[in-house]
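# Next come a sequence and a model predicted from it.
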Amino acid sequence: MKGWLLVKRSLLVFLIGVSVQVIAEESIPVPKTAQQWLGRVAESTKLWTYRGVLVYQVGTRLETLAVTHDVESGGVKERVLYLDGLPREMVRNGDKLTYSTLNNGVTQFEHNSLVPMLGKFSGIAPERFYKVEFARQQIDRVAGREAAVIDIVPVDRFRYGYRLWVDVYSGLPLKSIMLDSHSNIIERLQFTHIEPGVTLSEPEKAAMEKHNTQNKDIVDMQPVVKQGGIWGWEAGWVPEGFVVQHASQRPSPVSDHKTDAVIFSDGIASFSVFVEPDETRVLSQAAEKVGSLAAVSKVFRNGETYFHVTVVGEVPLGTAERVAVSVRPVKASGTNQTPVLPAKKVVK
């Protein structure tokens, strides 16, 4: 047994040495800390054109996606093609997302990265709220490629933890798992095949430029600059470290009213708060957890007006519930415990 441990340790040292040598030969700076590896992920998504096949698992649901990412044709463009079930496709050109299905036509709205682990790890994890460290097994293999393995561990119960496998050569994320406070896996994303640095074919580039003009719905999301949004509300509590990333108003999917939509982020996790008038005039609350997503719905009253609050995000259900019940009309004095606006510019 002792001999096997020595062999295993020697093999790990060898793999690290080979990986570092490959990076050095390509004149790529070698990250020395886990936080630096995470920072390299943020840079790599802006530098590499690639194609690959991604497996996405939440609970018992498993989906296979074909992913194309282009940074060479002006701006960042992405295409995700669902390979299972009803044919579906998402194309992102900058901040504009086109979503199309076989039966329901095309919808356009604003969005960041289509691949969850790319958008999620596009910034540096705040050290006050996450410990970023190497996993016990620092080097692994994913999709036939050497990967550095890092753990992103929350310091409180208001957010989830992650384990991330980073391609040693390109710095692209190859695999990620989301973990709850008991280390149970909530969500898994993993490339089974990836080709960084490829030159995309003309048909691949054309697929990211096409615009279907038939049956097209455009979700108009307008930035909001008014204190308290258009409906005059505030969040009395959000977890420390979460700040407003974006605020807008958009059409309600269930009524003719406009909806306030505010996205909060701590640099890794995020959740959205939606507020709109409620015509049922019934005070109520409901909560549900679907895979990695928590969703909480609540109705609150301001005088004779009732408002419907929805909180949705990749945070524990208890966090979403606490945010939802804290939403209230803006205080007359204008002093908010959690300033909702003005919104900060979204960092893409």
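Received, thanks.
# Residue 309 versus residue 302, what's the distance?
Residue 302 is 11 Å from residue 309, where distance means Cβ to Cβ, to the nearest Å. Just so you know, the C-beta spots here come from the backbone N, C-alpha and C atoms, and that holds for glycine as well.
# which one of the two has more residues nearby?
Ranked by neighbour count (other Cβ atoms under 10 Å), residue 302 and residue 309 place residue 309 first, with 25 against 14.
# list the contacts for the more buried one?
233, 273-275, 297-300, 324, 327 (Cβ atoms under 8 Å, 6 or more residues apart in numbering).
# Please repeat the previous calculation with a cut-off of 7 Å.
Contacts for residue 309 (Cβ atoms under 7 Å, 6 or more residues apart in numbering) come out as 273, 275, 298, 300, 324, 327.
# what's the residue nearest to the spatial centre of the chain in contact with, if anything?
Nearest residue to the geometric centre of the chain (Cα atoms, centre = their mean): residue 120, 3.7 Å. Contacts for residue 120 (Cβ under 7 Å, 6+ apart) come out as residue 268.
# Against residue 301, how distant is it?
36 Å.
# and if you look at residue 263?
Counting by Cβ to Cβ - residue 263 and residue 301 are separated by 25 Å.
# And these two? Which one has more around it.
For residue 263 versus residue 301, the count of surrounding residues by other Cβ under 10 Å is larger for residue 263: 20 against 13.
# If you count contacts, what does whichever strand or helix holds the more buried one end up packed against?
Taking DSSP states H and E as the definition, one finds residue 263 inside strand 258-265. Judged by 3 or more Cβ pairs under 7 Å, 6 or more residues apart in numbering; DSSP states H and E, strand 258-265 is in contact with strand 243-251, strand 270-277.
# Let me have the ones you listed in JSON lines, extended by mean neighbour count, distance to residue 237 and mean pLDDT.
Shown next, in JSON lines, are those (neighbours: other Cβ atoms under 10 Å; distance: least, Cβ to Cβ, whole Å; pLDDT from 0 to 100):
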{"stretch": "strand 243-251", "mean neighbour count": "19", "distance to residue 237": "14", "mean pLDDT": "85"}
{"stretch": "strand 270-277", "mean neighbour count": "21", "distance to residue 237": "12", "mean pLDDT": "92"}
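# I'd like the ones you listed as JSON lines, with distance to residue 63 appended.
Below are these laid out as JSON lines (distance: least, Cβ to Cβ, whole Å):
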{"stretch": "strand 243-251", "distance to residue 63": "26"}
{"stretch": "strand 270-277", "distance to residue 63": "21"}
